[in-house]
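Peer 1: let me see the structure of the following:
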Amino acid sequence: MTSAMSDLTGWRERADAALARALPDPSLPPQRLSAAMRHAVLLGGKRMRPLLVYASGVALGANVESLDAPAVAVELIHAYSLVHDDLPAMDDDALRRGQPTVHVAFDEATAILAGDALQSLAFEVLADAPVSDAIRVSLLRTLAIASGVGGMCGGQALDLAATGNGTAISVADLERLHALKTGALIRAAVRMGALCGGASSTELDALDRYADALGLAFQVRDDILDIEGNSATLGKTAGKDVAQDKATFPALIGLEASRARLQELGAAMTAALAPFGARADALAALGRLAIERDR
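Peer 2: Numbering: from 1, shown residues only. Below you'll find the predicted structure:
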């Protein structure tokens, strides 16, 4: 497992470098917009989604160079979603990754444009991926579906509808909400890496089960950290879920049951990865990080 952690460190550095190359030159106009985009992307973050691209792709035998584009693209979509999620009209947060959110550091209009531009850039990068035309189309379709009304945006709409009435939603509906808002992009990251490695339908099904469990585990842990964590460690405002009466797992089933659900999801990830053996060590390590993280 030491080797897997070493791989993750190297892939994170690779993703950071690729993201920096993909973003617009801040010395060229429109400088303010370019600076806002770089602020949104380059000031830290766990890079979970790019790491999942690399981990699943390498597990399936993909050339690491072919994974840079989907790794960058999925992180750009994630960054854009955070910029918009932090806006006053959405979650209204002033802190992200330990830094002022984009609309605070710049202004609200620039933040909206930065999010829009990051989304467009994601598909531009993916359209130039050094893979076959068939795989490129599959990558574009996978990311588009995960980002839209049947994925992240749809989940955010459900989340907004539940905010202020957080205990009125059922656990099943909450899991569906997070399967869209958080899980869809995580699933897309895993699937895009596997597609670059020529995964079979059986392998894709197993990786989808892993990703579904990981996405939900990530959100359950997020809900727990909002209660138990602090803003300095989290890099974002702690306690906001309770203050806004958001639908969360601790609110519906309690902290202990939420921790037990995490363990169940960890077991589901282990079972899904079993057919891959040691090839999936990095994916297994990312699953543990999602469950055990403190930020």
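Peer 1: what's the weakest-modelled helix or strand in this structure?
Peer 2: Lowest mean confidence among the helices and strands of the chain (mean pLDDT, DSSP states H and E): helix 231-234, at a mean of 56.
Peer 1: the helices in the stretch 51-200 of the chain, which residues?
Peer 2: Under the criterion DSSP state H, counting those that start in this stretch, helices of the stretch 51-200 of the chain are mapped to 64-85, 102-105, 108-127, 133-147, 152-162, 171-178, 184-196.
Peer 1: average pLDDT across the longest one?
Peer 2: What it means is helix 64-85. Averaging pLDDT along helix 64-85 yields 97.
Peer 1: any stretches of the chain with poor pLDDT?
Peer 2: Applying pLDDT under 70 to the chain flags residues 1-2, 166-167, 230-243.
Peer 1: circling back: which one of the helices of the stretch 51-200 of the chain is the most hemmed in?
Peer 2: Using mean count of other Cβ atoms under 10 Å, the stretch among those with the largest mean neighbour count is helix 184-196, at a mean of 28. Every residue, glycine included, has its C-beta placed from N, CA and C.
Peer 1: run through the neighbouring helices and strands of the next helix or strand after that helix.
Peer 2: Next helix or strand after helix 184-196 toward the C-terminus (DSSP states H and E): helix 201-228. On a contact count with 3 or more Cβ pairs under 8 Å, 6 or more residues apart in numbering; DSSP states H and E, helix 201-228 meets helix 48-59, helix 171-178, helix 184-196, helix 240-243, helix 249-253, helix 255-273, helix 281-292.
Peer 1: what angle separates helix 201-228 from helix 48-59?
Peer 2: Put simply, helix 201-228 runs at 150 degrees to helix 48-59, going by axes from the mean of the first three to the mean of the last three Cα atoms, to 10 degrees.
Peer 1: buried stuff in helix 201-228?
Peer 2: Buried residues in helix 201-228, defined by neighbour count with 16 or more other Cβ atoms under 10 Å: 203-204, 206-207, 209-226.
Peer 1: same check, this time on stretch 24-40
Peer 2: Using 16+ other Cβ under 10 Å as the burial criterion, the residues of stretch 24-40 that qualify are 24, 33, 34, 35, 36, 37, 38, 39, 40.
Peer 1: how about the contacts made by residue 191?
Peer 2: 56, 142, 204, 207, 208, 211 (Cβ atoms under 8 Å, 6 or more residues apart in numbering).
Peer 1: thinking again about what came up before, need the helices of the stretch 51-200 of the chain in a markdown table (columns: distance to residue 254).
Peer 2: Shown next, in a markdown table, are the helices of the stretch 51-200 of the chain (distance: least, Cβ to Cβ, whole Å):
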| stretch | distance to residue 254 |
| --- | --- |
| helix 64-85 | 26 |
| helix 102-105 | 34 |
| helix 108-127 | 35 |
| helix 133-147 | 31 |
| helix 152-162 | 18 |
| helix 171-178 | 11 |
| helix 184-196 | 25 |
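Peer 1: quick one: which of these is nearest residue 12?
Peer 2: Nearest to residue 12, of all these, is helix 64-85, at 10.0 Å by Cβ to Cβ.
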